[in-house]
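*Asks:* Predicted model follows, preceded by the sequence.
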Amino acid sequence: MKKLFILLMLSVAIGSTTSICKADPIQVDVGYQIFDPIGVPTIPRTPINIPKVFIDGNTMSFENLWGTYVLQILQGSTVVYSTIVSYGTSSVVLPSSLSGNYEFRLVADSYYYYGYIDL
């Protein structure tokens, strides 16, 4: 009986340690910027559907992403990583060499979504 109790307590301790060590993805605040390199910035006529972006380690996850974007990871004004993210893509694994605070941008034709992440 003591062995069963010890085994039960050990499994509870291991299970609780695992749940404490594993963190949930963090939702990132996302902003929206309109730009037009040729003329005056345009004003959207419909509500803006801002995607949800989550970060978990070096993995970025997306919800409500409609269209194809260029994902840019910037440090200051320098692009340190870039890739294509299209409709249906749910996540992107960033290089493990990236460490620190970065700005990300999901760039389309005349606008981009942006936010700040800590890797």
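*Replies:* Received it, and whenever you're ready, just let me know what you need. Residues are numbered from 1 along each chain as shown.
*Asks:* can we go C-alpha only for contacts and neighbour counts from here?
*Replies:* Noted.
*Asks:* Please pull out the lowest mean pLDDT helix or strand from the protein.
*Replies:* For the chain, scoring each helix and strand by mean pLDDT, DSSP states H and E identifies helix 2-21 as the least confident one, at a mean of 53.
*Asks:* what comes into contact with the next helix or strand after it?
*Replies:* Note on helix 2-21: by DSSP states H and E, the next helix or strand toward the C-terminus is strand 26-28. Residues outside strand 26-28 that contact it (CA atoms under 8 Å, 6 or more residues apart in numbering): 52-56, 115-117.
*Asks:* redo that, cut-off 10 Å
*Replies:* If you take CA atoms under 10 Å, 6 or more residues apart in numbering as the criterion, strand 26-28 is touched by 52-57, 60-62, 114-117.
*Asks:* Relative to T83, which of these is nearest.
*Replies:* M60 (12.2 Å; CA to CA).
*Asks:* Direction included, what does the helix or strand hosting that closest one pair up with?
*Replies:* Counting by DSSP H and E, the secondary-structure element that holds M60 is strand 59-63. When sheet partners are counted by DSSP bridges, strand 59-63 sits next to strand 52-56 (antiparallel), strand 91-93 (antiparallel).
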